[in-house]
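K.L.:
Just need the structure, nothing else, for what follows:
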Amino acid sequence: MMVTASVLSQCLKSLKARIRQLKEQNQALAEERDALARERNILQARIDEMTAPGGSLVTAYCASQTISRNTAGAEEDCSTGGYVCAPVSGLCYTTCQTSEHCARGNSCDPITSNCRP
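P.N.:
Coordinates of the predicted model:
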């Protein structure tokens, strides 16, 4: 079977057209990849901002009865002020209604609502 020059020429044109088409698709995919990378970077920056100290997604929790810690890593020893950590908010009590709000060695003064030694 003999392949003629015109058949080879037609095949070559067809292959060149397919290569051109694939290059265009590759370029479009590269542009889409770059756009997604830019969007990812923007979203990551927003997440970083929200989870940094003072960010809107930083939440407090009680690491122990007297340690208040937040998801950004900051912590406070509630017992230095005479209080314990409030389990619902994760923050240190700043006033007391009962001595249960006070750190060991302190009791609640019902007149001032403060923990005192």
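
K.L.:
So, low pLDDT: which residues of this structure?
P.N.:
1 (pLDDT under 70).

K.L.:
Against R69, how distant is the residue nearest the centre of it?
P.N.:
Against the mean C-alpha coordinate of the chain, by C-alpha atoms, centre = their mean, the closest residue is I47 at 4.4 Å. Distance of I47 to R69, computed by C-beta to C-beta, to the nearest Å: 20 Å. To be clear about C-beta, it is placed using only N, CA and C from the backbone, and glycine gets the same treatment.

K.L.:
ok so, going back, contacting residues for the residue nearest to the centre of the chain?
P.N.:
Applying C-beta atoms under 8 Å, 6 or more residues apart in numbering, we find I47 in contact with L57.

K.L.:
Would you verify that it is located in a helix?
P.N.:
Yes. Counting by DSSP: H, G, I helix; E, B strand; the rest coil, I47 is located in a helix.

K.L.:
Show me this protein divided up by domain.
P.N.:
Following the assignment in automatic domain parsing, the chain carries domains at 8-51, 60-116.

K.L.:
Make CSV out of these and add distance to M2.
P.N.:
Formatted as CSV, those follow (distance: least, C-beta to C-beta, whole Å):
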stretch, distance to M2
domain 8-51, 11
domain 60-116, 76
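
K.L.:
winner for burial among these?
P.N.:
Neighbour counts (mean count of other C-beta atoms under 10 Å) averaged over each of the domains of the chain peak at domain 60-116, with a mean of 16.

K.L.:
In what element of secondary structure is C108 found?
P.N.:
Element membership of C108 [criterion: DSSP states H and E] is strand 107-109.

K.L.:
Thanks a lot, see you next time.
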